[in-house]
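> for reference, the sequence and a predicted model appear below.
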Amino acid sequence: MDIKRAKQEIKDSIEAYLLKDGDGGYKIPSIRQRPILLMGPPGIGKTQIMQQIAKECKIGLVAYTITHHTRQSAVGLPFIREKMYGGREYSATEYTMSEIIASIYEKMETTGIKEGILFIDEINCVSETLAPTMLEFLQCKTFGNQAVPQGWIIVAAGNPPEYNKSVRDFDIVTLDRIRKIDVEENYEAWKEYAYRAEIHPAIMAYLEIRRDYFYRIETTVDGKAFATARGWEDLSEFLKACEILGKRADRDVVHQYIQHWKIAKDFANYLELYEKYKRDYGLLRIVEGNYGRETVEQIQYAPFDERLSVVSMLIGKLGGMFRDRFEEDRYITLLYEYLLRYKECLELNTVIWEASEKYGKLRKAEHLTRMEDGIWQKALGALERYGQEAKKEHLSGEDAFDRIKEMFGQETKAREEKIEETLDALEHAFDFMEEAFGDSQEMVAFVTELNTNVYSVQFLKDNECERYYRYNKKLLFGEQQEEILKELDEVEQELNTAIK
C-alpha cells in the first residue's frame, strides 16, 4: 500500500488500542495490542508520518533509530544487588532502566501526556548482540526487565533486504505477534503531502513531467544511484533558502541531494528552464490579468513539457495564495474565539494569560505544526497589540472592548479583500487557460491540480468559483475524463521514452 493508506491504518490502530472500557481500562488488553511493523524502501516517509500521526492524534512520540544503539543502552547496564533467598543472602544481577524506556517516562514528565507512540526505526538492521533483544521487544514489549508503559503503542520500521545488506529476517514466532504493513512509493500519495509541506514549485512542476524520476534506486558500476522522496523534500528546503540568498543550485549541488547523476543533471537543466519560463511568461502578470496576446501565442506553440510546466507554475503561484488565505482564516478564527472570551469577562490580561497557557501546553506537547505555531504567535501578538492600543487611548471596560472590536473588524475586512484578490487571480488564470488551451489536456491538468492541493480545495469549498465547478464537472467526471487522462498519459509516456 502507499504511505497515505499506511498512515490511516496506523491511526485507526492507535484509536482502537487506546479505546477504553467503562472501567477506564483499555478495551484491547496490552498483550493483544500487536506492535506495527512498517516495511518499505528508504526515504518514502515512514518516519515523517509518525510525527504527523502523533500531532493529529494528540499523543506523545518517542523515536529511535535502533542501529545507533548498543545492547547496553537498549537493555540497561548490569549491577549487583544483595537479596535474601531461603534465609541466606545472595548477590544477584539486575539491570538499570533502558535508555529507551527512560525516554518514554521523560516524555510523559515534560509533556504531561501519558499515551503515545514508541517508534523504532531500522529494527531489522541491528547488530548480532542486539538482535535477540529486538525480538524480545516485539514479542513481549520489554527492553531487558523493563516493560513499555501501558498506553504506549509500538511502531517499528525496516527496509527490505534488497535495500540494506545488514537486514535480518524475522522468524514466524515474531511475525505472528506483530502487524506487518508493506509500504511502496507512490507519487500521487506523496504529491498530496507535498502541497502541505510546500515543496518547491520547480520540483512539483518537474515531477509532473518526469514522474518516473520521483523514486528510483539502481545499482550501477559506480555503486548505488538513487532518488527518494526524502531527497526531493530536503532539496526543496535548500532551493527555497537559495532564493532568499540570491544564489543558485547547479547540478553538483542537486546531486548532493538526488544521488542519481542522470536525474540530478536533468533536474538542474530543468531548473534553468523553469527560471526562464518564469521570466518569459510572467506568472504575476497572468494572475493579475495583464498578459498580452504574444504570451498566449508563445505558450500555444511551445512543446508539451513547456506547456505543462507553465500550468504547474501557475498552480504553484495560486497555491501560495490559497495557503495564505487558509492561514489567515485559521488566525482570524482563533483570534475570534479569544475575543468572545474577552467579551464575557472584559479582562484582556486574563484572556491573554489563558491563551498563552494554552499555547504553551500545545507547544510543550509538540502538537503544533510550523503553521499552527505561527498562527498562535500571531494571534497572541494581536491580543497584546489590541491591549496596548486600548491602554494608549486610556480606554477600559466596554469602551476598550468596542475599540478592540473595531480593530478586529479592520483585520477581518483586510482578510475579505485578500479573498477577493485571490478569486480575481483564479479568474484571470482561467481566462489565460481558456485562451491558451481551451478544453485540452492542459486544462484537465490545471483543474486536477486544484482538486489535489489541500489549500485550493479548502478555498474553493469556502468561496464559489463558477468556472471551476463547470470545468470540474465537464472534464473530471465520466468518460470524457478517462479519455483525456488516457491521452495525457500517452503523451507523457512518449516524452519519457524520448528522453531515456
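Structure's in. What do you need?
> below-threshold pLDDT in the protein: ranges please.
Regions of the chain meeting the criterion pLDDT under 70 cover residues 68-74, 164-167, 475-500.
> can you show me the strands along the chain?
36-39, 60-65, 78-85, 88-95, 116-121, 142-143, 146-147, 152-158, 179-182, 216-220, 223-227 (DSSP state E).
> how big is the angle separating the fifth one from strand 60-65?
In terms of direction (axes from the mean of the first three to the mean of the last three C-alpha atoms, to 10 degrees), strand 116-121 departs from strand 60-65 by 10 degrees.
> just want the angle from strand 116-121 to strand 152-158.
Counting by the same axes, to 10 degrees, strand 116-121 lies at 20 degrees to strand 152-158.
> and strand 116-121, which strands flank it?
When pairs are called by DSSP bridges, strand 116-121 turns out to pair with strand 60-65 (parallel), strand 152-158 (parallel).
> who does the nearest residue to Glu82 once chain neighbours are set aside bridge with?
Spatial nearest neighbour of Glu82, chain neighbours left out: Glu89 (5.7 Å); criterion: C-beta to C-beta, 6 or more residues apart in numbering. Bear in mind the C-beta positions are built from the backbone N, C-alpha and C, glycine included. Beta-bridge pairing of Glu89 under DSSP bridges involves Met84.
> from memory Glu89 sits against Ile80, does it?
No - in terms of C-beta atoms under 8 Å, Glu89 does not count as a neighbour of Ile80; the distance is 11.9 Å.
> may I have stretch 52-72 exported as CSV, CA atoms only?
What follows is stretch 52-72 as a C-alpha-only set of coordinates in CSV (Å, rounded to 0.1, in the frame of the first residue of the first chain):
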residue,chain,number,x,y,z
GLN,A,52,2.2,13.6,11.7
ILE,A,53,0.2,10.8,13.4
ALA,A,54,1.4,11.9,16.9
LYS,A,55,0.3,15.5,16.2
GLU,A,56,-3.0,14.5,14.7
CYS,A,57,-3.9,12.0,17.5
LYS,A,58,-2.6,14.4,20.2
ILE,A,59,-0.3,11.8,21.7
GLY,A,60,3.4,11.7,22.5
LEU,A,61,6.2,10.4,20.3
VAL,A,62,9.5,8.9,21.2
ALA,A,63,11.6,7.9,18.2
TYR,A,64,14.8,6.0,18.0
THR,A,65,17.0,4.6,15.2
ILE,A,66,18.0,1.3,16.8
THR,A,67,21.2,0.9,14.7
HIS,A,68,22.7,3.7,16.8
HIS,A,69,22.3,1.7,20.0
THR,A,70,24.3,-1.0,21.7
ARG,A,71,22.8,-3.8,23.9
GLN,A,72,23.7,-1.8,27.0
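> in that stretch, what counts as buried?
By neighbour count on 16 or more other C-beta atoms under 10 Å, the buried set for stretch 52-72 is 52-55, 57, 59-64, 66, 69, 71-72.
> for stretch 373-386, same thing?
Result for stretch 373-386 [16+ other C-beta under 10 Å]: buried residues Ile375, Trp376, Ala379, Leu380, Ala382, Leu383, Tyr386.
> how near is the closest residue to Arg363 other than its chain neighbours to Gln441?
The shortest distance from Arg363 to any residue that is not its chain neighbour, by C-beta to C-beta, 6+ apart, is 6.8 Å, and that residue is Asp373. From Asp373 over to Gln441 the distance is 40 Å, taken as C-beta to C-beta, to the nearest Å.
> could you do Ile123 as well?
The spacing between Ile123 and Gln441, counted by C-beta to C-beta, is 45 Å.
> again with Glu344
Relative to Gln441, and taking C-beta to C-beta, Glu344 is found at 56 Å.
> those two: who's more crowded?
Taking Glu344 and Gln441 together and counting by other C-beta atoms under 10 Å, Gln441 has the greater number of neighbours (23 against 9).
> what's in contact with stretch 281-296?
Counting contacts by C-beta atoms under 8 Å, 6 or more residues apart in numbering, the residues outside stretch 281-296 that touch it are 298-299, 310, 313-314, 317-318, 321, 424-425, 427-429, 431-432, 435-436.
> and what of stretch 342-355?
The set of residues that contact stretch 342-355 without belonging to it, under C-beta under 8 Å, 6+ apart, is 338-339, 341, 379-380, 383-384, 386-387, 390, 397-398, 400-401, 404.
> check the offset of that stretch from the chain's centre.
Distance of stretch 342-355 from its chain centroid, counting by C-alpha atoms, centre = their mean, to the nearest Å, is 34 Å.
> what is the burial count for the closest residue to Asp280 other than its chain neighbours?
In space, not counting the residues next to it along the chain, Asp280 is nearest to Gln298; the distance is 6.9 Å by C-beta to C-beta, 6+ apart. Other residues lying near Gln298 total 16 when counted by other C-beta under 10 Å.
> and what of Trp152?
Burial measure for Trp152: 25 neighbouring residues, criterion other C-beta under 10 Å.
> quick check, it in contact with Ile113.
No - contact criterion C-beta under 8 Å: Trp152 and Ile113 do not qualify, at 10.2 Å.
> between those two, what contacts are shared?
Residues touching both Trp152 and Ile113 (C-beta under 8 Å, 6+ apart) are Gly60.
> list the buried ones in stretch 309-321?
Going by neighbour count (16+ other C-beta under 10 Å), the buried part of stretch 309-321 is Ser309, Val310, Val311, Ser312, Met313, Leu314, Ile315, Gly316, Lys317, Leu318, Gly319, Met321.
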